[in-house]
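> What shape does this take:
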Amino acid sequence: MSRYFKQKKEHVLLKDLFLPLASFLLIVVLFFCGVQSVSKTAREEQLRSAQQAVRRAAVQCYAIEGRYPSGVAYLKENYGLVVDEEKYVIHYQNMGDNLLPEIAVFLIEDGFDGQQ
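Alright, predicted model coming up:
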């Protein structure tokens, strides 16, 4: 009879550990999902901010000089535009002196070195 109770205690011990362990793993998974979500949102906001900075500098140039600049280099040199070139690629296509240029900023993916 004592043998029966001994086996039952081991079985109960496994049940007692399963719920806390499963709860802990669930909390860890939810935590990492939350961190990734916040990180993704922050990256998207930084990208949007970089694009707005380029657009604002181009519009400021137009307001002061009466024409849009021919390139991003002009904005960096004369209007203090600062964009992390290791992190972002700026597409700037001038359509004419009085038309807003096509502006897009892209995030450089990790591990991409620009060479094929």
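> Give me the pLDDT for residue 111.
Looking at residue 111, its pLDDT stands at 52.
> hang on, I meant residue 84
pLDDT, residue 84: 89.
> Can you classify the closest residue to it other than its chain neighbours as helix, strand or coil?
Residue nearest to residue 84 in three dimensions, not counting chain neighbours: residue 50, with 7.7 Å by CB to CB, 6 or more residues apart in numbering. C-beta: built from backbone N, CA, C; applies to glycine. Assigned with DSSP: H, G, I helix; E, B strand; the rest coil, residue 50 falls in the helix class.
> Report the contact partners of residue 50.
83, 84, 88, 90, 105 (CB atoms under 8 Å, 6 or more residues apart in numbering).
> So it versus residue 19, what's the distance?
Going from residue 50 to residue 19 by CB to CB, to the nearest Å gives 47 Å.
> next one: residue 74
64 Å.
> Just the local confidence number for the residue nearest to residue 60 when sequence neighbours are not counted, please.
In this structure, residue 60 finds its nearest non-sequential neighbour in residue 79, 6.0 Å apart by CB to CB, 6+ apart. Here, the pLDDT recorded for residue 79 equals 93.
> Tell me the first helix or strand C-terminal of the host helix or strand of residue 25.
Using DSSP states H and E, residue 25 maps to helix 2-65. Following helix 2-65 in sequence order, the next helix or strand is helix 72-79 (DSSP H and E).
> Show me what that following helix packs onto, helices and strands only.
Helix 72-79 is packed against helix 2-65, with contacts defined by 3 or more CB pairs under 8 Å, 6 or more residues apart in numbering; DSSP states H and E.
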